[in-house]
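Novice: Show me how the following folds:
(3 chains)
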Amino acid sequence: MPKKFWLMKTEPDVFSIDDLKNAADATDRWEGVRNYQARNFMRDQMKKGDEVLFYHSNAEPSGVVGVAVVTKEAYPDPTALDPNSKYFDEKSAQLGESRWLMVDVSFKFKFQRTVTLKAIKEHPKLNTMRVAQKGQRLSIQPVLKEEFQEVKKLGGLAKDSF
DNA sequence: GCCAACGTTGGC
DNA sequence: GCCAACGTTGGC
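Specialist: Predicted coordinates:
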């Protein structure tokens, strides 16, 4: 199975690329996905080693800020069963098991500059990406290898990359 | 803070 | 199984 490429959205106020970079082992759980399409992408297609465009939404500016890699494949998201979590899910609690899944991702590198949503929309090779489509809210979406490489080129590598 | 888009829920 | 109401996302 060849490596796949993804875009994953997060609000930097909640979880930013710096949070991931500074996490233990620069790895964290991608918890809180509560959308079936996104969950099914994780469950059915996302593999260890797949590369991820790390996207900041509701940010100034919104855009892709770096790259992460999938380090653990889909497994149950325990926050769905935690009444104190903002990701608590009543139906999962009734069921006694989490309906929701998450993966682990590790920090790879941060871009020198954010590849903004505006730049993506204006770029002839990138404006077909799902994230550029109006009303597209899917928080985990597949990306073509060519798109991934182009975004990476536009972002450049930061000094502290590894 | 507004609001369009769109996914989910629940009544029927 | 339809669809109106409701909630959430996320750009602006």
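
Novice: List the contacts of the nearest residue to residue A:111 once chain neighbours are set aside.
Specialist: Spatial nearest neighbour of residue A:111, chain neighbours left out: residue A:155 (3.0 Å); criterion: Cβ to Cβ, 6 or more residues apart in numbering. For glycine as for every other residue, the C-beta is placed from the backbone atoms N, C-alpha and C. Residues near residue A:155 by Cβ atoms under 8 Å, 6 or more residues apart in numbering: A:64-66, A:111-115.

Novice: Wait, residue A:114 touches residue A:63, no?
Specialist: Yes. The pair residue A:114 and residue A:63 passes the contact test of Cβ atoms under 8 Å, sitting 4.3 Å apart.

Novice: which residues do the two both contact?
Specialist: residue A:56.

Novice: mind checking how far the residue of chain A at minimum distance from DNA strand B is from residue A:26?
Specialist: Nearest residue of chain A to DNA strand B: residue A:135, at 2.1 Å (Cβ to the nearest atom of the strand). Distance, residue A:135 to residue A:26, using Cβ to Cβ, to the nearest Å: 33 Å.

Novice: who's more crowded, these two?
Specialist: A count of neighbours by other Cβ atoms under 10 Å puts residue A:26 above the other of residue A:135 and residue A:26, at 15 against 4.

Novice: What sits closest to the more buried one if chain neighbours are left out?
Specialist: With Cβ to Cβ, 6+ apart as the criterion, residue A:26 has its nearest non-adjacent residue at 3.9 Å, and that residue is residue A:107.

Novice: near DNA strand B, which residues of chain A?
Specialist: Contact residues (Cβ under 7 Å from any atom of the strand) of chain A with DNA strand B: A:35-37, A:91, A:133-138.

Novice: Please identify which of the residues you listed is nearest to residue A:12.
Specialist: Looking at the residues of chain A next to DNA strand B and their distance to residue A:12, the nearest is residue A:137, at 17.1 Å (Cβ to Cβ).

Novice: Just say helix, strand or coil for the closest one.
Specialist: Reduced to three states with DSSP: H, G, I helix; E, B strand; the rest coil, the structure at residue A:137 is coil.

Novice: Alongside DNA strand C, which residues does chain A contribute?
Specialist: A:9, A:11, A:34, A:57-59, A:62, A:117-118, A:131, A:137-139.

Novice: I'd like to know which of those residues are part of helices.
Specialist: Counting by DSSP state H, the part of the residues of chain A next to DNA strand C found in helices is A:117-118.

Novice: Which members of the residues of chain A next to DNA strand C are classed as buried?
Specialist: Among the residues of chain A next to DNA strand C, those classed as buried by neighbour count (16 or more other Cβ atoms under 10 Å) are A:9, A:59, A:62, A:117, A:131, A:139.
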